[in-house]
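I would like the atomic coordinates for the input below:
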Amino acid sequence: MPNFTAISTQIELTHIFKTMLPVALGLFGLMTLWSIIWSYRLHHHWHLAIRRSLAHLVLAFAISLIGFQIWQTNIFNIAGTTQKQLQHYHYQKLQRTHTIYALTARQRIAKMVMRNAANGYHKQGFVAIPTRSILLPIYDDAYSVAGLNQGANYANRSADDPNGTNMPVMGQGNYGLAAHNFNDGHTGFSALQKNRSQNAPYLQNGQPGSSDWLQGQKVYLANGTHIYTYTITGQDLVKPSDVSVLNATKHAKLTIISCLFPDTNYRIITHATLTKSATWANASDRTVGYFDLTNQATNAHAAWFNPGTEEGVNGDAGGTK
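Residues are numbered from 1 along each chain as shown. A predicted model of the protein is given here:
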């Protein structure tokens, strides 16, 4: 996947600078304003207040940069732990909520799932990983910046089919999905990396490894007729050139591709096998609820890079608002 390789590396490196600068400057400005006001109230001289605030100004900027760097690079695992606690809370809240969906409501949600909200792309459906707070639309171009900016996309350029002429089908064979890892623990497939800003356990001492931290968790794919339930079996690490992970298989499986961060020269491959399929009419209320865009938030867009309208309740709610 040569195009996907170049795009991912560019995006991950750009992310650090584009996110750090506005946050640091914002904190810097607030602390500077507070310093000037405080000094003036203390001494009642503007020139003295401004002069004294210069020292505070330098300190504020340093604290802003250090604080954001600690969060961004996940020192002491502060950011990662916080994000996982929020995801766990969201998942537990989902499990406590029980909505009964009549057939008409199920049909309405299926239409939302298949609504083509991105001009120039063909909607394939949605992917939901509730334990990781992931809910993404699936489009049809994993090999361009514009395509990946929409959310998840099916990936089908394999060693057996280098040009990607065969369109993958949900619930059949090897269905490949790709989305960005924005290293924020939330957007795209970022939440599938075990530790933010840490190569381990996937890459240790320069050697590719694996992880079973997601083993047993469910991934749901939905299109206009069915909801497919996959169970994660594990993760491993490959080079971007190893497109054999997308080779056709007789048994139904799911192959999710996302970048490793900070070493973007590798890809995390999340493997899952099909364990259940159901029509919208026969799926459980809870499973249908995972795709109710009038209640669930989607996580396709990182505003610093690919601003756009989310398709969930945090955006246009499936086109209802």
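
okay, and P137 sits in which element?
strand 134-139 (DSSP states H and E).

quick check: the closest residue to I257 other than its chain neighbours vs K84, distance?
Spatial nearest neighbour of I257, excluding adjacent residues (Cβ to Cβ, 6 or more residues apart in numbering): A178 at 4.3 Å. All C-beta atoms are positioned from the backbone trio N, CA, C, and that covers glycine. Separation of A178 from K84 (Cβ to Cβ, to the nearest Å) stands at 23 Å.

neighbour count winner among these two?
The neighbour count for A178 versus K84, taken as other Cβ atoms under 10 Å, is higher for A178 (26 against 19).

the more buried one pairs with what?
N153, I257 (DSSP bridges).

so who does it touch?
Shown in contact with A178 (Cβ atoms under 8 Å, 6 or more residues apart in numbering): 1, 4, 142, 148, 152-155, 256-258.

and the pLDDT at it?
Per-residue confidence at A178 stands at 97 (pLDDT).

now swap in V245 and tell me
We have a pLDDT of 97 for V245.

secondary structure class for it?
Following DSSP: H, G, I helix; E, B strand; the rest coil, the label given to V245 is helix.

so what's it up against?
Shown in contact with V245 (Cβ under 8 Å, 6+ apart): 158, 176, 238, 255, 257, 269.

from N174, how far out is it?
8 Å.

overlap in contacts, the two.
158, 255.

from what I see, Y121 and D141 are in contact.
Yes - counting by Cβ atoms under 8 Å, Y121 does reach D141; the two are 6.3 Å apart.

shared neighbours of these two, anything?
The contact lists of Y121 and D141 share G147, where a contact means Cβ under 8 Å, 6+ apart.

quick one: mean pLDDT for the strand holding P137?
Strand 134-139 comes out with an average pLDDT of 98.

what pairs with that strand, parallel or antiparallel?
When sheet partners are counted by DSSP bridges, strand 134-139 sits next to strand 125-129 (antiparallel), strand 152-154 (parallel).

any idea of the pLDDT on the most centrally placed residue in the chain?
Most central in the chain under Cα atoms, centre = their mean is G188, positioned 2.0 Å from the mean C-alpha point. Here the pLDDT value assigned to G188 is 96.

now it: how far from H98?
Distance from G188 to H98, by Cβ to Cβ: 29 Å.

ok, now N247?
With distances taken as Cβ to Cβ, N247 is found 41 Å from H98.

pull the distance from the helix or strand where T231 lies to the chain's centre.
T231 belongs to strand 226-238 when elements are defined using DSSP H and E. Computed by Cα atoms, centre = their mean, to the nearest Å, the separation of strand 226-238 from the middle of its chain amounts to 16 Å.

next: stretch 102-120.
The chain centre lies 21 Å from the centre of stretch 102-120; the measure is Cα atoms, centre = their mean.

could you do stretch 233-240 as well?
Mean-position distance between stretch 233-240 and its chain equals 17 Å (Cα atoms, centre = their mean).

can you give me the mean pLDDT across that stretch?
For stretch 233-240, mean pLDDT is 97.

that stretch: which residues count as buried?
Of all the residues in stretch 233-240, those buried under the rule 16 or more other Cβ atoms under 10 Å are 235, 237-238, 240.

and the contacts of it?
1-2, 4-5, 8, 192, 202-203, 208-215, 245, 260, 265-273.

now the residue nearest to I257: how far from L136?
Counting by Cβ to Cβ, the gap between A178 and L136 amounts to 11 Å.

just Q193 next, same as before
15 Å.

does L274 count as helix, strand or coil?
With three-state DSSP as the criterion, L274 reads strand.

tell me how far stretch 209-218 lies from the chain's centre.
Stretch 209-218 sits 17 Å away from the centroid of its parent chain (Cα atoms, centre = their mean).

what about it, how long is it end to end?
22 Å (Cα to Cα, to the nearest Å).

same question for stretch 256-263.
End-to-end span of stretch 256-263 (Cα to Cα): 18 Å.

buried sites along that stretch?
Buried residues in stretch 256-263, counted by 16+ other Cβ under 10 Å: 256-262.
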